[in-house]
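Novice: Okay, sequence plus prediction incoming.
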Amino acid sequence: MSSFKPFFGFMIIPLVMSVCLLVPSFNLTTIDLLMSFAAYAALAVSWNWVCGLGGLMNMAHIAFYAIGAYSCSIAVAKLGIHPIFGILAGTVITATLAGVISYLSFRLKVTELYFALLTLMAAEGIGALSRGFENEYSLGGIYLPFVNDPGRFAFLDKTYYYYALIGLTGVLLALQLWVQRSKWGLLITASRDSERAASSLGVPVVRILTSVAVASAIPPALVGSIFALSSLFVTVDNVFPFELLLSTIIATVIGGLGTLWGPFIGALAVTLIHEGVRRGVGVTDAVGLTDMVYGATLVLIVVVFPGGLIGIFRQLRNARNRRNAEPALRPEHIHV
Amino acid sequence: MSESPVLVAENLTKRFGGLIAVNDVSLEAIPRQILGIMGQNGAGKTTLFNTFAGIYKADGGRLLMDGEDITTYPAWKRSIAGISRTFQIPLPIWSLSVSENVQVGLIAHGKSKSDAKRIADITLVDLGLEAKMSSLPSDLTPGQLRLLEFARAASLRPKLLLLDEVFAGLSQVEQRSTAAVVRKLKDTGIAIIWIEHNVRLMMELADRIVAMDHGRKIAVGSPLEIARNPDVISVYLGRQKTAGAQI
């Protein structure tokens, strides 16, 4: 059984991702909704790395997403080069930025809520810079050419971008599973739970947590790049939506912070609840009823499942284990 | 012939604002010796430990490890250099199992995952924690938490082991098994510096003792010399009652 478990863990990821890839062919819903889900999933899984595994409340995730979108769109629309260069530039910039912010924060002992504030200010700063850039050089945003050129990642059918996002999510989940079972995973947990104990055992806490922050900054840049390629239009207002950061955090928390599948399940829940509420009450949304019902539903989930939606599966597994552990009382077992 | 010291502290000073917690303390830790540090609450013992371990930066003086100046090293680098410590109030990593708690340090010191598990399990068996290997630290008694602290530090086979009241709260049986492991570690060549309030235990186990008061080193010597030192007696029993008093 124990040798089966790791194998099962790695097999379940491609299995779930395959099911997700099949969904568009059933034509169950619009591709935009699926793309929202896949983007939330990739963002939530990577935010879970920095917050759930590393214990760092990084609010600059949205800025990393925007940097990815901008670098890709500038490469394509302004420089006329292959988007891969923009994508690579975006990942390098976000990784460097995350590394610098994290390293300085640890050195200056800026932790917990102050770290959240610092990263929020960094995101705001990048947002202000982007706005300034847009006003100066590209009034009205950046438009990408509407062409079908698969060699340059340009598809008229958005389904391919959904596939890319789901594939990215699968890779991120596999990476997390691998890290959690590696020596690195143990050092990350120790660094998160007790900096003093970990460092006294020889763990370079600053280096470990900085590496987590850097690793988690790359996926949002990739998601941002995919967004730019699929939407063909990048402006400050559509790459800095605060609700995207909120949805990422909500998906992670209601799914199960620090768990493997929690953020993925949370992303699915956030997408379905948001869409369900929008369709249910959206027509009468004169006073923000959609947002109120959406918020109330999320609060209800947090209250009923404080450990996240992933807790449902754990409860079911524990109940099954208890059932298996209890010996059945049969008449032949009773001796008088 | 005594061996050359592993750790040399030269005129170490640590201040917290106007309070001098450690005042110009010099001492040496020698392999195969247990150096006890005794003193009343607030004497500066734990601050001295934290300055050795890199939790606090020294405001004055130097720390030499095998002749290398480690005064500015961060805590993790001192651990890699060979200093291991236990905490007075146990600091387990709550979300990791007992065995994983021990494995963390071994992995940080470059051991493979399988080696780390093997060494961790041997150490825990030595300390009588074999039944708790897979448990979380929250399932341990206060005494077992202290043993876990000790297991984490001892498993690293350091050059210098800093034990901060590691016997406090242990049962007689646990004290005996822990003392046996301490002696075994000492015999392998490790230098041990040990803070302890239990004076009887210290007199029994320590090779040399440093007595501290208000951040200063007031005496150093063998347990017998310390027991007869008038300064130590006056600190412990008060100046009016020193005549004929013995610890």
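Specialist: Structure received. No experiment lies behind these values; they were computed from the predicted model shown.
Novice: Let me see the contact set for B:Ile37.
Specialist: By CB atoms under 8 Å, 6 or more residues apart in numbering or on different chains, the contact list for B:Ile37 reads B:Lys45, B:Leu48, B:Ile193, B:Trp194, B:Ile195, B:Glu196, B:Ile209, B:Val210, B:Met212. (Each C-beta comes from the backbone N, C-alpha and C, glycine too.)
Novice: Check the secondary structure at it for me.
Specialist: B:Ile37 falls in the strand class when you classify it by DSSP: H, G, I helix; E, B strand; the rest coil.
Novice: on that earlier part again, for the contacts of B:Ile37, point out the one with the lowest pLDDT.
Specialist: Taken together, the contacts of B:Ile37 show their lowest pLDDT at B:Glu196, with 87.
Novice: Name the nearest residue to it, sequence neighbours excluded.
Specialist: B:Met202 (4.7 Å; CB to CB, 6 or more residues apart in numbering or on different chains).
Novice: Could you measure from that neighbour over to chain A?
Specialist: As judged by CB to the nearest CB, to the nearest Å, B:Met202 and chain A stand 23 Å apart.
Novice: What is the burial count for B:Leu106?
Specialist: By other CB atoms under 10 Å in any protein chain shown, the residues close to B:Leu106 number 26.
Novice: show me what contacts it?
Specialist: So B:Leu106 contacts B:Asp115, B:Ala116, B:Ile119, B:Ala120, B:Ser155, B:Leu156 (CB under 8 Å, 6+ apart).
Novice: ok, the closest residue to the fifth one other than its chain neighbours to A:Ala267 distance?
Specialist: Nearest non-adjacent residue to B:Ser155, counting by CB to CB, 6+ apart: B:Thr123, 4.2 Å away. Using CB to CB, to the nearest Å, we find B:Thr123 at a distance of 42 Å from A:Ala267.
Novice: didn't the residue nearest to B:Glu196 look like it was pressed against B:Lys45?
Specialist: No - using CB atoms under 8 Å, B:Met202 is not in contact with B:Lys45, being 11.8 Å away.
Novice: Of the two, which one has the most company?
Specialist: B:Lys45 (25 against 21).
Novice: what bridges to the closest residue to that one other than its chain neighbours?
Specialist: Distances taken as CB to CB, 6+ apart put B:Ile195 closest to B:Lys45, at 4.6 Å, once the chain neighbours are dropped. Beta bridges link B:Ile195 to B:Ile37, B:Asp164, judged by DSSP bridges.
Novice: who has more neighbours, B:Thr123 and A:Ala267?
Specialist: Applying other CB under 10 Å to B:Thr123 and A:Ala267 shows that A:Ala267 carries more neighbours, namely 28 against 24.
Novice: List the contacts of the more buried one.
Specialist: Contacts of A:Ala267 (CB under 8 Å, 6+ apart): A:Phe37, A:Tyr40, A:Ala41, A:Leu43, A:Ala44, A:Ala251, A:Gly255.
Novice: ok, the third one - contacts?
Specialist: To tie it back to what came earlier, the one meant is A:Ala41. Taking CB under 8 Å, 6+ apart as the test, what A:Ala41 contacts is A:Leu165, A:Ile166, A:Thr169, A:Ala251, A:Pro263, A:Phe264, A:Ala267, A:Leu268.
Novice: Doesn't B:Arg15 lie inside a strand?
Specialist: Yes - membership of B:Arg15 in a strand is supported by three-state DSSP.
Novice: give me the number of residues near the nearest residue to it once chain neighbours are set aside?
Specialist: Nearest residue to B:Arg15, sequence neighbours excluded (CB to CB, 6+ apart): B:Asp59, at 4.9 Å. When neighbours are defined as other CB under 10 Å, B:Asp59 has 14 of them.
Novice: Ok, B:Glu225 next?
Specialist: Neighbour number of B:Glu225 under other CB under 10 Å is 13.
Novice: Report the mean per-residue pLDDT for the one helix or strand it maps to.
Specialist: Per DSSP states H and E: B:Glu225 is located in helix B:223-228. Across helix B:223-228, pLDDT averages out at 92.
Novice: That helix - contacts with which helices or strands?
Specialist: Contacts defined by 3 or more CB pairs under 8 Å, 6 or more residues apart in numbering or on different chains; DSSP states H and E place helix B:223-228 against helix B:199-205, strand B:208-213, strand B:216-221.
Novice: By mean pLDDT, show me the worst of those.
Specialist: Lowest mean pLDDT of those: helix B:199-205, a mean of 87.
Novice: ok, and what's touching that helix?
Specialist: Residues contacting helix B:199-205 (CB under 8 Å, 6+ apart): B:34, B:36, B:38, B:167, B:175, B:179, B:182-183, B:194, B:196, B:209, B:223, B:227, B:247.
Novice: Same list (the residues you listed) but as TSV, adding neighbour count.
Specialist: What follows is the contacts of helix B:199-205, written out as TSV (neighbours: other CB atoms under 10 Å in any protein chain shown):
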residue	neighbour count
B:Ile34	24
B:Gly36	23
B:Met38	27
B:Phe167	21
B:Gln175	17
B:Ala179	16
B:Val182	21
B:Arg183	12
B:Trp194	24
B:Glu196	23
B:Ile209	26
B:Pro223	19
B:Ala227	16
B:Ile247	16
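Novice: Going by distance to chain A, which of these wins?
Specialist: B:Trp194 (16.3 Å; CB to the nearest CB).
Novice: if you skip the residues just before and after it, what's nearest to that closest one?
Specialist: B:Leu163 is the one closest to B:Trp194 (CB to CB, 6+ apart), at 4.4 Å.
Novice: wait, doesn't that neighbour sit right on B:Ile190?
Specialist: No - using CB under 8 Å, B:Leu163 is not in contact with B:Ile190; the gap is 10.8 Å.
Novice: Compare neighbour counts for these two and give me the winner.
Specialist: B:Leu163 (26 against 23).
Novice: What does the pLDDT read for the more buried one?
Specialist: 93.
Novice: With B:Ile233 instead?
Specialist: 88.
Novice: now do B:Lys111
Specialist: 96.
Novice: That one in helix, strand or coil?
Specialist: coil.
Novice: so what's the closest residue to it other than its chain neighbours up against?
Specialist: In space, B:Lys111 comes closest to B:Ile119 once its chain neighbours are excluded; the distance is 6.8 Å by CB to CB, 6+ apart. Contact analysis of B:Ile119 by CB under 8 Å, 6+ apart lists B:Val102, B:Leu106, B:Lys111, B:Ser155.
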